[in-house]
Structures are given as structure tokens and as C-alpha cells.
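*Asks:* I need the structure of the sequence given here:
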Amino acid sequence: MAKARAKRKRAVKSEKPVQETRPDVEDVQEEALEEATKEIGGDQEPGPRKRRPNNPAGSGPKTPDALHAWLREEVEVDVPREPVIEGHAAPFDYLVHVYFEGRARRPAEELPDAEHPPRPHSVGPIDCVVWANRGGGKTFLGAVATMLDLMFKPGIEVRILGGTLEQSKRMHAYLRGLFRYPKLAKLVDGRITARRLKLLNGSEVEVLAQSHASVRGTRVQKLRCDEVELFDREVWEAAQLVTKSRQCGDIWVRGAVECLSTMHIPHGVMFSIVQEAGEGRRKLFRWGVVDVLGQCEPARRCRAGDGHSEQGHSEQGHSTHEGSAGAGGDVQLPQLPADLHVSCAAVSCGDVRSARDCPLLPECGGRAKERPGNAEGVGVGHLAIDDAAAMKSRVGPAAWESEMLCLRPTRDGAVLPEFDARVHIVRETPWAEGERGVSGVVWYGGMDFGMRAPTVVLWGAVDGDGVLWIVDEYSRAGALLDDHIAAMKARPWPKPRWIGVDPAGAAKSEQTGRSAIDVLRGEGFGVRATRGGVTSGLGLLRARLRPAAGTGPRLFVHARCVVLIESLERYHYPEDAPGDVNPKKDGPDHAVDALRYLVLNLDKQAGTLRQRV
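*Replies:* As a prediction, this is how the structure comes out:
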């Protein structure tokens, strides 16, 4: 309005007639910005300006403590600051990382501003991943992070990309709800639509559909991806190229891709992202159902007969997650950062308890009651304990451990659910690997032929007890058989007594008149190609992984065989055909086929699988 008044004064001085007009849009916006700055708590009283203020919301909280207090006071959001499970992150840790642009650590550092100049150089990875349970507040916290970005980083551009459009709209709905608070509503520029929200300071957020067209046409500071486990892998790859860093007011905002999701698909998109976090390329925030439990009232008993929480932790003798071979349950977990190792004993649900014990005792061990602020109900989670207990009663252990405890992906639909990384993956063999001619040890091989698909070769040794140890692998696509044979001869292992192969390898080439089996035999390799169906071969594999007699596994895989391990975990039946007993041929089958040919020829049943090529 100051500009409008100045115009009138100049008109009077020049003795020109003044026509009464409505203030222009720029004048109205300037006045609204000044009033909003007063209301939110700007740094100083508005006065004469040469330009519009950068941020009507003020400079924002400067420390994690101030941020937590601001959220409680202004939008009534109380986010847990301490995890319940050792090695997990607290949900507030994610907000601190995002709001302070990856720079704030404990003890708190101040957010750069005019007095503390921004530092454009990187301080650790800014891209981050939230791996949390269903109902763990991921989507809502993504909306809170977006609200903070929009308010205190003027001019920032944020995009929300969900596994489905409905998922994207859900985060946007939470965001709209936050901006209904009166102090925040004054900051909104225009009308909030179903897919867009813009503030008077120039910040804006839009919802994207999961498609190549929408992702490739985007250049923003923050891309927030919800439920990435549902993403098409090609769309996810395209999304990595959409960000750009930018000065937003006094803050240097680093271009970042964030993802928030559960992880339930073995070696799916989320599995790969968590693997990247283990390699230091992303910051990982992991929490489960116990970390977001609501207040545990003093009257609630943990154990039957006790009126107090159980001191200490669960005494179950499970190993600690190391994020490597031999850990991670049914599926080998990606390598996790050292500060995110989690004790299985703290979250296992295999305890045998009295029917009157708290159903969540095996996961919680009484820690929820011992949290700071629990007695007052301050700084605790949002999920009622009774609700969590009810959900646990409705599902099996696999779904609970995958979806709610965030231990490992589920094995639903797996062809070989008997394979357990904790049991079957080893780093050592009973004999020294460099030792040749070990008494009682016989070497064998398995091979699956491919051209565009990879050719896979496995080296295995059977010890004196009949246990098969797969010690090495070779996998290569797009090469000739002669190249594969040269690579096989270069490996340091003893020559296999024979190599089990697909009987289809007996087909003659139209160019050479020789079959792949002929070529192998011509190079001095023994070859066996027993005919047997896929079902029969898989049955023999299962019998070695988990014998019905309960005598212990008779098949182990060395940790260096990463292709085979991934294949054993990912090999699955078609999701859209529950009655189909034929495994899906979409990649993970090649290494498993090589193993199946080896075991089929090794363990063939007399009188039923005699025929060989």
C-alpha cells in the first residue's frame, strides 16, 4: 500500500486529477507479506524496504531443540526424538537431516543464515532413505518436511512422487491439513489445489504421477518419493537426474532425492536403495513399530505378575545384524552403516510367553516404558500399544517381521523359501581353500547356457559327509562358449569330475554341427545332462536346504557367490497367477538353474532319473 500512497502524493503535487483506483496486485501482496511477517514472528518490525522481504515466515528455528519446540507449539506435532530399539533412528532424526540440509548433527549445529554464511560444499550425503514400518508415520513426516522446506527456504521447489498417484495425493492431503493452521494459512498464495500448493515467498510443491514424462520434465531442489517399493525401476532411475541445488533466501539448498518406504520385496527397488546407504551414498533412517509406540501407561504390565517394566533386554540368543552374509534372516540384508546395526534379540518375536504377558514384550523388552517423557506422554510415538498388539495378532511372523519390525523382506511367493541367509551362507569351508587334493572332497560343476541372458557356472565340492559346498561362480552375458571355457580354465579350483548342464545343450549348431556339450567334452570337461523336470530338480534342492529328517542342511553357499545368493532369494512364482507352479523366468532363474543341474545329476533317484544325454 506504500507504493499506492506514494503515487497519490505525486499526483497531488503535480496538480493532476487523481482517479480513485483499487490497489494493484503487487501492492496487496506486499501488504500481505508484511502482515504475515508480523503474525509469524519476523526478525524485525516491517518498515521502509527497497525490496519485498525474502521470507514472511521469518528465518525459522536454528537448532534441533528449537525445531522440535516450534513443531509442538505451531502445528501441534510431537515427533519422537529417541529410538526405542538400539541401532534404530528416531523419526525426528529424519526431519533434522532434511531441515538442516544434512549439516546438523548431535550436538546441534546452527542452520546457516546471514550471520552464519551457507556452506555450499557437501557435509555427508544429502540424499536419504526412510525405511520404516507400515503406519510408522512416513507419509505424514514427508508432509511435515515439505511444510518446513516451503516456509523457511523461500523459492524452493519440491515435488512429491509416490508409488501410485493416490500415494502422492495422500502426502499432499497431509500437507494441506498443516496449512490450515491460521498462522500458516496466511502464507499461502492463492488457492491450494489437489496437486499444487504455493506460498507468497515463491516456494511451491506439486504432486507428480509416476511416469517417465512427468519425471523427465522436472528440475527441482527436493524430490520426495513415497513408497518407492512400488516404483518402476526405470522411473526410479530417471528420477535420480531431476534435482538442482539453489540459494533459497539465506540458505543454500542442496538438490536431494528422498525416499520413504517399507521393504518387502527381496532385492527390489527399496533393497537396492538401502544397499546404497550401506555404501555411504545415502543417509539411512530406519525405525520400526516399537519406535513409534504411544505412551505405555505405568499401570500396563510387561510380564504377567509384574507391575513394572522388564529391566534389561530380551535374553533370546539371536545374533546381531551385521548387514552381510550370514545375517538378515530369510533374505541377506544390504550392508548397513556401522551405526545402524540392530540386535535381533531386541526385535525377534519368537519368545514363548505367558498368555498374560504384553504381546509386544519380545519386541519391546520394556523399553517403551523407560523412554524419556513416557510417564508424561511427551515425545512418544503416535501408534497406540493396543492397536499394535491387535495388528500383530492378525498376521504371521513373516509379515510382522517384514512390514512392522523392518527386519527383512518377506519371502511370499518364493520358489525356495527354505533358503535362509543366516543358515546357508558361509565365509569358510571345512578345508583350506588353497589346499588341493583334500581327502574325501570331490569337485563338481553346474552350468546354465546363455547368450543374451548370462551363462552361469558354479563350482561345488562334496565333503566326506555328502554335504555340498558351492564355493565360486561365474556369470557373463553376450559372450561365446569359447570365452566361457577360457574363463573356467583360469579359475583356481580343481577340475570338476563332471559339470551338470541343461540337456538342451545337446542340440547341434547349424553352423558348426557340434553341440555345446560336444564343445565342453572336446575341451576335456566331463559333462552330465540328466533329464528331469524343473519340479523334480527343485525338490532335490529343497531337500538339501532343509532335509525333512531334521539332520541339518546339506547345501551351503560361499558369500562370494553374490549372483547365486540373489537368485536364490529372488526366484519366485508369478504374482498374478497364484495357481501356477512354474517359476517366473525374469532373471533370477539362471544361477538357480545351474545349481539345479548340479544337484539333479548328483542326487538323481535310481530308476527314475537315469536317462542321460
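*Asks:* what about residue 514, distance to residue 506?
*Replies:* From residue 514 over to residue 506 the distance is 10 Å, taken as C-beta to C-beta, to the nearest Å. Placement of C-beta: from N, CA and C, glycine included.
*Asks:* typo on my end, residue 594
*Replies:* When C-beta to C-beta is the yardstick, residue 594 and residue 506 sit 17 Å from each other.
*Asks:* in the stretch 251-400 of the chain, which spans are helices?
*Replies:* Per DSSP state H, counting those that start in this stretch, the stretch 251-400 of the chain carries helices over the ranges 269-278, 344-347, 361-364, 367-370, 385-394, 397-399.
*Asks:* Quick one: closest of those helices to residue 182.
*Replies:* Closest to residue 182 of those is helix 385-394 (C-beta to C-beta; 31.1 Å).
*Asks:* And for that closest one, what's in contact with it?
*Replies:* In this structure, residues lying in contact with helix 385-394 by C-beta atoms under 8 Å, 6 or more residues apart in numbering are 135, 289, 293-294, 296, 300, 349, 358-360, 368, 400, 404.
*Asks:* what do you get if the cut-off is 10 Å, keeping everything else the same?
*Replies:* Contacting residues not belonging to helix 385-394 are listed as 133-135, 289-290, 292-297, 300, 349, 358-360, 362-364, 368, 381, 383-384, 399-400, 403-405 [C-beta atoms under 10 Å, 6 or more residues apart in numbering].
*Asks:* Neighbours of the nearest residue to residue 503 once chain neighbours are set aside, how many?
*Replies:* By the measure of C-beta to C-beta, 6 or more residues apart in numbering, the closest residue to residue 503 outside its immediate chain neighbours is residue 529, 4.4 Å from it. Here the count is done by other C-beta atoms under 10 Å, and residue 529 has 23 residues near it.
*Asks:* and residue 359, what does it touch?
*Replies:* Residue 359 makes contact with 349, 353, 385, 386, 388, 389, 390, 391, 392, 393 under the criterion C-beta under 10 Å, 6+ apart.
*Asks:* Residue 287 versus residue 137, what's the distance?
*Replies:* 9 Å.
*Asks:* which of these two has more neighbours?
*Replies:* Under the neighbour definition other C-beta under 10 Å, residue 137 and residue 287 were set side by side, and residue 287 has more, 26 against 23.
*Asks:* Just the terminal-to-terminal distance for stretch 551-560.
*Replies:* According to C-alpha to C-alpha, to the nearest Å, stretch 551-560 extends 26 Å from its N-terminal end residue to its C-terminal end residue.
*Asks:* Run the chain-centre distance for that stretch.
*Replies:* Using C-alpha atoms, centre = their mean, to the nearest Å, the distance from the centre of stretch 551-560 to the centre of the chain it belongs to is 28 Å.
*Asks:* Name the residues of it that are buried.
*Replies:* Buried positions in stretch 551-560, judged by neighbour count with 16 or more other C-beta atoms under 10 Å: 553, 554, 555, 556, 557, 558.
*Asks:* which of these lies closest to residue 495?
*Replies:* Within the set of the buried residues of stretch 551-560, residue 558 lies nearest residue 495; the separation is 18.7 Å, counting by C-beta to C-beta.
*Asks:* before we move on, the earlier item: quick one, which of the helices of the stretch 251-400 of the chain is nearest to residue 569?
*Replies:* Nearest to residue 569 among the helices of the stretch 251-400 of the chain is helix 269-278 (9.3 Å), distances taken as C-beta to C-beta.
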